[in-house]
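1. I'll drop the sequence and a predicted model, then ask my questions.
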Amino acid sequence: MSEKILVAVDGSINSVEALKEAEHLAVAFQSKLFLVNVQPSFNMIHTKLFISEKLIKEYQQELFENATKPAVDYLKSKNIDYELLMRIGDPVQQICKLAKELAVTHIVIGTRGMGPVKGVVLGSVSNGILHEAKVPVLIVPPQK
């Protein structure tokens with residue numbers, strides 16, 4: 001089991017579809033799946049003035065658990081080997097950094113399907129990963 005596949009999950013239907021594609025790859029390559037969810041840092045001066053670091057961490061953990069529950073439930077039902085990871089910060093940077101740290105062979109991510117105009121204006125995590133990653137990236141479009 002030398003292949004490792006990193007899957008970005010956010011609780012959306014599209015990320016579950018990406019997970020299903022990653023599952024097919026994992027079975028074909030006898031790979032282990034690493035699921036990552038990236039939470040915002042909330043590292044702003046006004047946040048720190050009014051909210052304790054402990055409460056911020058608890059909130060991040062709650063968001064993480066909610067975002068990863070659909071993926072975890074799906075993988076448990078399929079009896080697939082996986083590891084669940086949380087990162088804090090910019091999703092593109094954190095996912096690419098983790099891919100390097102784990103020496104993954106593939107990254108799988110769903111797209112939000114916002115279209116080219118909104119994707120350019122708002123930025124796109126999948127597009128950012130596609131350009132920053134040093135390994136093959138599979139971007140799974142929304143299912144119709």
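-> Structure's in. What do you need?

2. Run through the helices of this protein in chain order.
-> 13-29, 45-50, 53-78, 91-102, 115-122, 125-132 (DSSP state H).

3. how about the ones you listed, which one is nearest residue 108?
-> Taking C-beta to C-beta, helix 13-29 is the member of the helices of the chain nearest to residue 108, at 4.1 Å. The C-beta positions use only the backbone N, C-alpha and C, and glycine is treated the same way.

4. Check which helices and strands the closest one sits against.
-> For helix 13-29, the packing partners by 3 or more C-beta pairs under 8 Å, 6 or more residues apart in numbering; DSSP states H and E come out as strand 4-8, strand 32-39, helix 53-78, strand 106-110, strand 137-140.

5. next one: the first one to chain centre, how far?
-> Which is strand 4-8. 8 Å (C-alpha atoms, centre = their mean, to the nearest Å).

6. Show residues contacting it.
-> 15, 18-19, 22, 25-26, 29, 31-38, 71, 91, 95, 98-99, 102-110, 125, 129 (C-beta atoms under 8 Å, 6 or more residues apart in numbering).

7. Starting from it, tell me which strands it pairs with and how they run.
-> Strand pairing for strand 4-8, determined by DSSP bridges: strand 32-39 (parallel), strand 106-110 (parallel).

8. Buried deepest among these, which one?
-> Highest mean neighbour count of these: strand 106-110, a mean of 27 (counted as mean count of other C-beta atoms under 10 Å).

9. any weak-confidence spans in the chain?
-> Low-confidence segments of the chain (pLDDT under 70): 1, 113-123.

10. picking up where we left off before, can you lay out the strands paired with strand 4-8 as CSV showing distance to residue 143?
-> Listed next are the strands paired with strand 4-8 as CSV, based on distance: least, C-beta to C-beta, whole Å:
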stretch, distance to residue 143
strand 32-39, 19
strand 106-110, 10
